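Colleague: The following block contains a protein sequence and its predicted model.
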Amino acid sequence: MTAKELKDKLFYRKANAFASLNADEVCAFGEDYKAFLDDSKTERDAVRTAVKLAREHGYKEYVWGETLKKGDKKYIINRKKNFFAFKIGDKDSIVKIVASHIDSPRLDVKQNPLYEDGEIAYFKTHYYGGIKKYQWTTIPLALHGVVVRKDGEEIDVNVGEDAGDPVFYITDLLPHLSREQNEKTLAKGIEAENLNVVVGGIPFDDSDESNLIKLNVLKALSDKYGFIEEDFLSAELCLVPAYKAQDVGFDRASIAGYGHDDKVCSYPALRALFDQKSNDTVVVILADKEEIGSEGNTGMQNALFADLLTELAVYYGVSSAQLRAKAQCLSADVTAAFDPTFAQAFEKNNASLYSCGVTMNKFTGAGGKSGSSDAAAEFVGKLRAKFAADGVVWQAGELGRTDLGGGGTVAKYIAKLNIDTVDMGVPVLSMHAPYELISKADLYTCYQAFKAFLK
Ligand code: MN
Ligand code: MN
């Protein structure tokens, strides 16, 4: 045997997935995904989009306690921010779960946000999730969310997405006067309380009073939505990049978009569920609050998921413990793609290479795998066999260089329930930036991997 033959037999190699994929299928999936992404910027938006898709595929809202039967297709909406869709399999099948999240880093509007200074009206913001603050200045921002008035009326707000809409804007200092700012670290150059959003500039026509620009903004809000300043107290308003998802590059290999993390896994998860034909029970989770630790009653740490499994156990005629012991889960979350421009942040042998397929992170966490659930080799082995059988191009990866930083996903909260769980998702460039980048080949192989898992 020659060295080349022996290498082909023995070496582990990654390969660009575009080479082995059907270009038309990859592009068509990318088009569908871009439409999903544009409609799903916040978790509330994403739940609305998911419900619409689920209903189009014959899913109906689950009524707690209802008797389930084989073939039932159901969904649960939790507080408009967290979504579960599930399809009931045979009584001797197992439960397979794909869990992604639909919240993305952004700027939340504070509860008393509106003020006027220097002839400009602003909103104060409080950032949500891990952001590099300087990236959020001087870009077009859209306002999404809900205001609940004192009378209980819920008012949906969406400004900045439609052609002709105004957008919102955060200033930065001009280079001519930035000598002091330039001496600061990136983390300090723009600080959290600098993230003030321009929302107005025309004074109400009455020269005897003060705060007339603020007044005029409130008048516009009152005229259009019927709410007053105090109504911000019971509002959830989010500033998100106003950008639409777009192809990138002469060959359109990539998609730039806001919120790939983690909608680039949520969408393939939903599609794989809708296309699933096996006899297993499948649950797709679109979780909220992953970016701030999966907390609260819409995050993955909420007991609702365990409650759902208890309901499924009734269908199977087993205990919840018995059901969970056999269940399997892909924690569908993004990872970092190797960025040659910042090569020193990665350890290339174990980094996710762009376009080399969906990545499996056996573990996440920081330092000595701290905070990670670390999937078992036996479970990874089972998945390898499935992916091989279906010809799925995938790769193993770690987030970055050991001890440089780290991150977590929902995996550990599901693993804690005694469920075999591993992270699997699309490698992203510029993760958590207002406009992130992914490869269409990685998106498509993510869908193929989820489909193979659910088979
Ligand atoms: Mn994520
Ligand atoms: Mn994230």
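Modeller: Received it, and whenever you're ready, just let me know what you need. Ligands and ions are numbered 1, 2, ... in the order given.
Colleague: From the centroid of this structure, which residue is nearest?
Modeller: Against the mean C-alpha coordinate of the chain, by Cα atoms, centre = their mean, the closest residue is residue 262 at 2.2 Å.
Colleague: list the buried ones in the helix or strand that contains that one?
Modeller: In the assignment (DSSP states H and E), residue 262 maps to helix 260-275. Using 16 or more other Cβ atoms under 10 Å as the test for burial, helix 260-275 gives 260-274. All C-beta atoms are positioned from the backbone trio N, CA, C, and that covers glycine.
Colleague: per-residue confidence at the residue lying closest to residue 325 once chain neighbours are set aside?
Modeller: Among residues not flanking residue 325 along the chain, residue 418 sits closest, at 5.6 Å (Cβ to Cβ, 6 or more residues apart in numbering). On the pLDDT scale, residue 418 is placed at 98.
Colleague: Let me see the backbone angles for residue 418.
Modeller: The phi/psi pair for residue 418 (degrees, to the nearest 10) reads phi 70, psi 40.
Colleague: Near it, how many other residues are there?
Modeller: Residue 418 has 14 neighbours, counted by other Cβ atoms under 10 Å.
Colleague: Which single residue of the stretch 51-200 of the chain ends up nearest ligand 1?
Modeller: Per Cβ to the ion, the residue of the stretch 51-200 of the chain with the smallest distance to ligand 1 is residue 101, at 5.7 Å.
Colleague: thought residue 408 was touching residue 369?
Modeller: No - contact criterion Cβ atoms under 8 Å: residue 408 and residue 369 do not qualify, at 10.8 Å.
Colleague: dump the residue contacts of residue 143.
Modeller: Residues near residue 143 by Cβ atoms under 8 Å, 6 or more residues apart in numbering: 109, 157, 158, 159, 160, 168, 237, 238, 239.
Colleague: And for residue 60?
Modeller: 73, 74, 75.
Colleague: Please enumerate the helices of the protein.
Modeller: With DSSP state H as the criterion, the chain has helices at 3-10, 23-38, 43-56, 179-183, 186-189, 212-225, 260-275, 304-316, 320-326, 377-389, 411-415, 440-454.
Colleague: Now render these as JSON lines, adding distance to residue 65.
Modeller: As requested, the helices of the chain are exported to JSON lines (distance: least, Cβ to Cβ, whole Å):
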{"stretch": "helix 3-10", "distance to residue 65": "56"}
{"stretch": "helix 23-38", "distance to residue 65": "32"}
{"stretch": "helix 43-56", "distance to residue 65": "20"}
{"stretch": "helix 179-183", "distance to residue 65": "59"}
{"stretch": "helix 186-189", "distance to residue 65": "50"}
{"stretch": "helix 212-225", "distance to residue 65": "38"}
{"stretch": "helix 260-275", "distance to residue 65": "23"}
{"stretch": "helix 304-316", "distance to residue 65": "7"}
{"stretch": "helix 320-326", "distance to residue 65": "15"}
{"stretch": "helix 377-389", "distance to residue 65": "32"}
{"stretch": "helix 411-415", "distance to residue 65": "24"}
{"stretch": "helix 440-454", "distance to residue 65": "26"}
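Colleague: and of those helices, who's closest to residue 353?
Modeller: Nearest to residue 353 among those is helix 440-454; the distance by Cβ to Cβ comes to 9.5 Å.
Colleague: name the helices or strands packed onto that closest one?
Modeller: Other elements packing on helix 440-454 under the criterion 3 or more Cβ pairs under 8 Å, 6 or more residues apart in numbering; DSSP states H and E are helix 23-38, strand 95-101, strand 254-257, helix 260-275, strand 328-331, strand 358-361, helix 377-389, strand 420-425.
Colleague: Recalculate using a threshold of 6 Å.
Modeller: When contacts are defined as 3 or more Cβ pairs under 6 Å, 6 or more residues apart in numbering; DSSP states H and E, helix 440-454 sits against helix 23-38, helix 260-275, strand 358-361.
Colleague: one step back: could you rank the contacts of residue 143 by neighbour count and give me the top one?
Modeller: Neighbour counts for the contacts of residue 143 (other Cβ under 10 Å) peak at residue 239, which has 27 neighbours.
Colleague: I'd assumed residue 105 was in contact with it.
Modeller: No - in terms of Cβ atoms under 6 Å, residue 239 does not count as a neighbour of residue 105; the distance is 11.2 Å.
Colleague: Contact partners for residue 213?
Modeller: Listed by Cβ atoms under 6 Å, 6 or more residues apart in numbering, the contact set of residue 213 reads 116, 121, 200, 203.
Colleague: if I read this right, the first one contacts residue 211, doesn't it?
Modeller: Spelled out, it's residue 116. Yes - Residue 116 is within contact range of residue 211, at 5.3 Å (criterion: Cβ under 6 Å).
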